[in-house]
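*Asks:* prediction below, plus the sequence it came from.
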Amino acid sequence: MVLNTASCITAIFISSNGTCIVSGSEDHSIQVWDASSGAELKKLNGHTRGVTSVAFSSDGTCIISGSKDHSVQIWDASSGAQLKILNGHTDYVTSVAFSDNGTHIVSGSKDKSVRVWDASSGVQLKVLNGHTHYVTSVAFSSNGIYIVSGSQDMSVRVWDASSGAQLKTLNGHSHYVTSVAFSSDGTHIVSGSRDKSVQVWDASSGALLKVLDGHTNYVTSVAFSSDGIHIVSGSEDESVRVWNVSSGAQLKVLNGHTHYVTSVSFSSDGTHIVSGSKDGSVQVWNVTSEAQLKLLDGHTDYVTSVAFSSDGTHIVSGSEDESVQVWDASSGAQIKVLEGHTDYVTSVAFSSNGTHIVSGSDDKSVRLWDASSGTQLNVLNGHTDYVTSVAFSSNGTCIISGSQDKSVRVWNALSGAQLKLLNGHTNDVTSVAFSSNNTHIVSGSKDKSVRVWDVSSGTQLKVLDGHTNDVTSVAFSSDSTHIVSGSKDQSVQVWDASSGAQLKVLNGHTHYVTSVAFSSDGIYIVSGSQDMSVRVWDASSGAQLKMLNGHSHYVTSVAFSSNGTHIVSGSEDKSVRVWNISSGTHLSGHTDDITSTTFSNDSTQIVLGSWHKFMQAPVAKLTPFLWSRTKDKWIITLPDSQRLMWVPHDFNIPLFFPYTELIISHHGSISIDFQHCRIGHDWASCYVPA
């Protein structure tokens, strides 16, 4: 479940009965949500600056909030009425918490103090001084006897809640402590830090028990499950991670947020996790199940295209490692590597009977393969620029291809002869597909149009206009009555194939849509996007049914198995993933970006295409996602904090984004090759004079 807001989420909390979620935001508001349906129940306004922390009382009747306006506010959870404003802090309030019995409140602040309040009267009872820098996080032990606090002085401190005496100082972190929590039995403390670690402490002795490493950026929030068995952590690496307290093992990595995770919390029964992020969303996760079961790696460059065989037993994938690979869809075993292309493989497809595979490539050729032996049967030449998309007719007698030469071509699959040349698009053709009755072809183009053609005559029948950016992918429904298209305008659009009328616009992706497909029964649509997600839609209503997260780079290709039970996706993270919508398999084998994948007709095999011609050892690469600016915007760094480049502050904004490949100044220009640069003392090899 994803709850979207219009501003950065800074804090979240689940009520103890698991029915409600409260979130705080930088837009000064507090929102209360129904945890089951995701519906917004209330919006609480009262703070005059960003809300930094929120919490429910254990009985769920009250909410407390802390804010940059220096105040702590108490709210009636049912009516949304503001009950009290607690003033006393002289700087931002960073963290608030109720005692388990609801009688007391603790707050931490940038004024370096921890304060204890009477929840009923609002009277300030204690001011706990000792931290030498901002207090970032506070929590009560479940019995209300102790308070734990974390600070930018890198320490965790334990206090007597009644007397205010400091009992222990826990030192171990090497950077700011950002979040602290007690286990429900009070025996353990967990802390998260900007040193990227999660640390577990013995609350009685103060001994450091475990250091949990795995996050690749600052840890922002930590929490225990109610049974004390698990810890959840959120990080600026955009992930949520689940850990076993006893062993320290990392159990799950939950990916889905597209910006820093700011807050995490368990439901009281430990079955769900809620996370908030600077991407403006609140996401609810089922801890006991994972959407993706297996990850099968193999391509060494971007996966560009994937497809199932019609019986769902095989998958084919294409990749920028220049190879086409065939996989067993059930076991994930690699069956064949088809070599022959001399440039990136951009598109792959199975024939309907699963006996043949067709692939298109930036080498301008279309190639036909025997799916069983892997033998190359034919090379179809004619295109004068990159081939971007290929497809079989349902009877397997014809092949269509689209190209950056702006043409669509129809070929005889047996002889390789070119039968038709379809001209009309005014820019690169990006995607082509046959109707199931083989009478029509649909094509999408960078000219923003979708076009429908008569196969027999080669006549252009319709031009479907509606997208506001490049059309990247098109497909017919199995009964040929509908067309689906994806675009760089981030939308998925559904069309009536006969009239050309636009029926639905499916919005939800936050980046370019790269691939779309219908399920065989026409009930569902699947889409992949550069937002790294795979989404499943109801074709009739247009409702988004599922968002499948797991890829760590752009999703380039998606397809349904013929029985509609599985989805296959390929990505620039070089992986192929097979989803049972709630489970999946990851394929391994290519040594470059996977560009294309497809299932065999019997669904037993998968074939993949890649940019790498031969199966060579992986080459270390730095993708655009692996570098960033530090918060002061002066230093370009890698995940391990190695310094890559320094530039004057005034030039940061126009020059340095993860997609910048060329920098021009009055001194000249330099080209940045993020795909093949080396890291470390030889960083200068990343730069090639223009």
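*Replies:* That came through fine.
*Asks:* contacts and neighbour counts: CA atoms only from here.
*Replies:* Will do.
*Asks:* I'd like the next helix or strand past the helix or strand harbouring residue 222.
*Replies:* Per DSSP states H and E: residue 222 is located in strand 219-224. Following strand 219-224 in sequence order, the next helix or strand is strand 230-235 (DSSP H and E).
*Asks:* give me the next element, helix or strand, following that next one.
*Replies:* Using DSSP H and E, the first helix or strand after strand 230-235 is strand 239-244.
*Asks:* and the contacts of the helix or strand just after that next one?
*Replies:* Next helix or strand after strand 239-244 toward the C-terminus (DSSP H and E): strand 250-255. With contact meaning Cα atoms under 8 Å, 6 or more residues apart in numbering, strand 250-255 is reached by 212, 214, 238, 239, 240, 241, 242, 243, 244, 549, 550.
*Asks:* ok, now with 7 Å
*Replies:* 239, 240, 241, 242, 243, 244, 549, 550 (Cα atoms under 7 Å, 6 or more residues apart in numbering).
*Asks:* also stretch 61-71?
*Replies:* 47-57, 72-78, 85-87, 89-96.
*Asks:* among the contacts of strand 250-255, which one sits closest to residue 300?
*Replies:* Set against residue 300, the nearest of these by Cα to Cα is residue 550 (17.9 Å).
*Asks:* could you measure from the closest one over to residue 61?
*Replies:* 37 Å (Cα to Cα, to the nearest Å).
*Asks:* any idea what residue 303 is bridged to?
*Replies:* Taking DSSP bridges as the rule, residue 303 bridges to residue 319, residue 594.
*Asks:* please report how far it lies from residue 402.
*Replies:* Counting by Cα to Cα - residue 303 and residue 402 are separated by 19 Å.
*Asks:* again, but for residue 50
*Replies:* On the measure of Cα to Cα, residue 50 and residue 402 end up 51 Å apart.
*Asks:* compare neighbour counts for these two and give me the winner.
*Replies:* Neighbours per residue (other Cα atoms under 10 Å) separate residue 50 from residue 402, with residue 402 holding more: 31 against 21.
*Asks:* so what's residue 12 closest to, chain neighbours aside?
*Replies:* Take residue 12 and drop its neighbours on the chain: the residue closest to it by Cα to Cα, 6 or more residues apart in numbering is residue 23, 4.3 Å away.
*Asks:* my guess is the one you found meets residue 15, correct?
*Replies:* No: between residue 23 and residue 15 there is no contact under Cα atoms under 7 Å: 11.2 Å.
*Asks:* who's more crowded, the two?
*Replies:* Under the criterion of other Cα under 10 Å, the comparison of residue 23 against residue 15 puts residue 23 first, with 28 against 22.
*Asks:* list the contacts for that one?
*Replies:* Counted by Cα under 7 Å, 6+ apart, residue 23 has contacts 9, 11, 12, 13, 30, 31, 32, 54.
*Asks:* switch to 6 Å and redo it
*Replies:* 11, 12, 30, 31 (Cα atoms under 6 Å, 6 or more residues apart in numbering).
*Asks:* show me the contact partners of the helix or strand hosting residue 367.
*Replies:* For residue 367, the element it lies in under DSSP H and E is strand 366-370. With contact meaning Cα under 6 Å, 6+ apart, strand 366-370 is reached by 356, 357, 358, 359, 360, 375, 376, 377, 378, 379, 380.
*Asks:* and the closest residue to the third one other than its chain neighbours, what are its bridge partners?
*Replies:* Read that as residue 358. Closest residue in space to residue 358, ignoring its immediate chain neighbours: residue 368 at 4.7 Å, by Cα to Cα, 6+ apart. Beta bridges link residue 368 to residue 358, residue 378, judged by DSSP bridges.
*Asks:* distance of residue 368 from residue 413?
*Replies:* Residue 368 is 8 Å from residue 413, by Cα to Cα.
*Asks:* my guess is residue 363 is in a helix, correct?
*Replies:* No: assignment of residue 363 by DSSP: H, G, I helix; E, B strand; the rest coil gives coil, placing it outside any helix.
*Asks:* phi, psi of the closest residue to residue 476 other than its chain neighbours?
*Replies:* Nearest residue to residue 476, sequence neighbours excluded (Cα to Cα, 6+ apart): residue 483, at 4.5 Å. In terms of degrees, to the nearest 10, the main-chain angles of residue 483 are phi -130, psi 140.
*Asks:* test my guess that residue 483 contacts residue 473.
*Replies:* No: using Cα atoms under 6 Å, residue 483 is not in contact with residue 473, being 10.5 Å away.
*Asks:* between those two, who's got more neighbours?
*Replies:* Of the pair residue 483 and residue 473, residue 473 is the one with more neighbours under other Cα under 10 Å, namely 30 against 26.
*Asks:* can you tell me how far that one sits from residue 433?
*Replies:* Distance from residue 473 to residue 433, by Cα to Cα: 9 Å.
*Asks:* not counting its neighbours along the chain, what's nearest residue 425?
*Replies:* Nearest residue to residue 425, sequence neighbours excluded (Cα to Cα, 6+ apart): residue 406, at 5.7 Å.
*Asks:* would you mind giving me the confidence score for that neighbour?
*Replies:* Residue 406 is assigned a predicted lDDT (pLDDT) of 97.
*Asks:* what sits against residue 407?
*Replies:* 422, 423.
*Asks:* what about it, distance to residue 137?
*Replies:* 61 Å.
*Asks:* again, but for residue 165
*Replies:* Taking Cα to Cα, one finds residue 165 at 18 Å from residue 137.
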